[in-house]
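Q: Just to be clear, the model below is a prediction. Sequence and coordinates:
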2 protein chains.
Amino acid sequence: MTTTTRVLRADAARNRQALLEAARTCFARDGAATQMDSVAAAAGVGVGTLYRHFPTKTDLVHALFAERLARFVELVEEAPETRAWERLAAVVAEMIRAQSCDRALADAPTCEVAATRPEFAELRAALRSRLEALIARAIADGDARPELRVDDVLNLCFNRHLAGADERGRRTYAAIALDGMRARDAR
Amino acid sequence: MTTTTRVLRADAARNRQALLEAARTCFARDGAATQMDSVAAAAGVGVGTLYRHFPTKTDLVHALFAERLARFVELVEEAPETRAWERLAAVVAEMIRAQSCDRALADAPTCEVAATRPEFAELRAALRSRLEALIARAIADGDARPELRVDDVLNLCFNRHLAGADERGRRTYAAIALDGMRARDAR
DNA sequence: TCGAATTCGGACTCTGTGTTCCGTTTGAAC
DNA sequence: GTTCAAACGGAACACAGAGTCCGAATTCGA
């Protein structure tokens, strides 16, 4: 995945991984309020090093969000032979579950800081278009309510309050969301 | 509603109202990112004046949130003879609708800045307990799903993404939320 | 009308946080 | 082992935004 033009020196590569790992932890815990200093500290590295790998906080956020979105895109594509509704349900459940380990994730769909990066915009578009297709199939099958749109699904799944919710809360939330998205006849 | 101990001078009272009005506008537009300077400017007043009326940004946020929460509390209490589910549905719809005019509102349930103020904590507790009772009745009537809890309702209604959504988005969101909260038998 | 208490305004201070800079250290090619 | 480009660390800088301060202006009772 590391598509850097020039090959990194051994220590630099090691530090880059440590930084990404540290950033994951920090953003999961503190959300958007995460400070660059604490990321560097968690990686056992000076801020200078952090800024050499990610020139801007935005770059770091972008890298993390891209990672997550890519996982979701894959998830939507898995097992194309399944009934659309089943897959949609799995995707929704996983997106909701993922919020519990990442306080910053809820911002991903609307986040403007990272939105300007073409690479990120592409990923977001990819997720949207694939979800769109999946939803269309689920509606055609008569499983999802006909007015359902991508944004409705994303709005429901990327809810900031989910990060603070407990296991029961997230389960119930997912159940409500899925039942609500269901077509009247299919229930 | 202005329960200040000493009576305010005419200009002071006028400014206080202007400040609250300006704050409503600014927070509705910019959410938590609203700056004190811009509130003062919008009220046509210096920052000094703003800080005399609201010594801290937290105080201002508190005043605004309290206003909103109080409205919701009233709403839950209205027309007690109605069937519980009907009222719950009305409350949910209104809470979701209210997000469209206030970018900061979504934080109200979890907001820690204002949570320390006893007055605010009371309001929040009041809303919770009244909603709790309403939900219990709706469950007892067989209208709401039995696992439903106050937090589930609040998490669904106070969703940050709703502020950016359009009319259709909010309507669909409300429909999904309500259908999802419904008991299986009642559908 | 006058005077004192109150309020106003906005330049200024203070703090927290993203970002830069540069002397030092390290990896790896020969 | 020597050399040098690349990478490191963290003190220092820059800037935004919350909150302060005090001389000027305003209100209002007498």
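A: Cool, got the structure.

Q: Flag the shaky bits of chain A, pLDDT-wise.
A: Across chain A, residues meeting the criterion (pLDDT under 70) sit at A:1-5, A:187.

Q: State which helix of it is the longest.
A: When chain A is parsed with DSSP state H, its longest helix is helix A:118-140.

Q: what packs against that helix?
A: With contacts defined as 3 or more C-beta pairs under 8 Å, 6 or more residues apart in numbering or on different chains; DSSP states H and E, the packing partners of helix A:118-140 are helix A:57-77, helix A:84-99, helix A:150-157. C-betas here are computed from N, CA, C, even on glycine.

Q: Residue of chain A closest to DNA strand D, please.
A: Proximity of chain A to DNA strand D (C-beta to the nearest atom of the strand) peaks at residue A:48, 2.0 Å away.

Q: buried ones in the strand or helix carrying that residue?
A: Under DSSP states H and E, the secondary-structure element containing residue A:48 is helix A:47-53. Within helix A:47-53, the residues that qualify as buried by neighbour count (16 or more other C-beta atoms under 10 Å in any protein chain shown) are A:49-50, A:53.

Q: Surely residue A:84 and residue A:131 touch.
A: No - the pair formed by residue A:84 and residue A:131 falls short of the contact definition of C-beta atoms under 8 Å, at 10.9 Å.

Q: From the buried residues of helix A:47-53, pick the one nearest chain B.
A: residue A:50 (24.8 Å; C-beta to the nearest C-beta).

Q: now the residue nearest to that closest one when sequence neighbours are not counted: how far from residue A:24?
A: Among residues not flanking residue A:50 along the chain, residue A:40 sits closest, at 4.3 Å (C-beta to C-beta, 6 or more residues apart in numbering or on different chains). The spacing between residue A:40 and residue A:24, counted by C-beta to C-beta, to the nearest Å, is 14 Å.

Q: These two: which is more packed in?
A: Shown here are residue A:40 and residue A:24; by other C-beta atoms under 10 Å in any protein chain shown, residue A:40 has more neighbours (22 against 19).

Q: quick one: that one and residue A:53 touch, right?
A: No - counting by C-beta under 8 Å, residue A:40 does not reach residue A:53; the two are 10.2 Å apart.

Q: overlap in contacts of these two?
A: residue A:19 (C-beta atoms under 8 Å, 6 or more residues apart in numbering or on different chains).

Q: roughly how far apart are the residue nearest to residue A:50 and residue A:48?
A: 8 Å.

Q: Please apply the same query to residue A:116.
A: Relative to residue A:48, residue A:116 is positioned 25 Å away (criterion: C-beta to C-beta).

Q: Likewise for residue A:132?
A: Counting by C-beta to C-beta, the gap between residue A:132 and residue A:48 amounts to 43 Å.

Q: With residue A:151 instead?
A: Spatial separation of residue A:151 from residue A:48 under the definition C-beta to C-beta is 41 Å.

Q: before we move on, the earlier item: state the separation between the longest helix of chain A and the centre of the chain it belongs to.
A: Between the mean C-alpha location of helix A:118-140 and the chain-wide mean there is a distance of 13 Å, by C-alpha atoms, centre = their mean, to the nearest Å.

Q: Mind listing residues that contact that helix?
A: Helix A:118-140 is touched from outside by A:62, A:65-66, A:69-70, A:72-73, A:76-77, A:84-85, A:87-88, A:91, A:108-109, A:114-115, A:144-146, A:148-150, A:153-154, A:183, with contacts defined as C-beta under 8 Å, 6+ apart.
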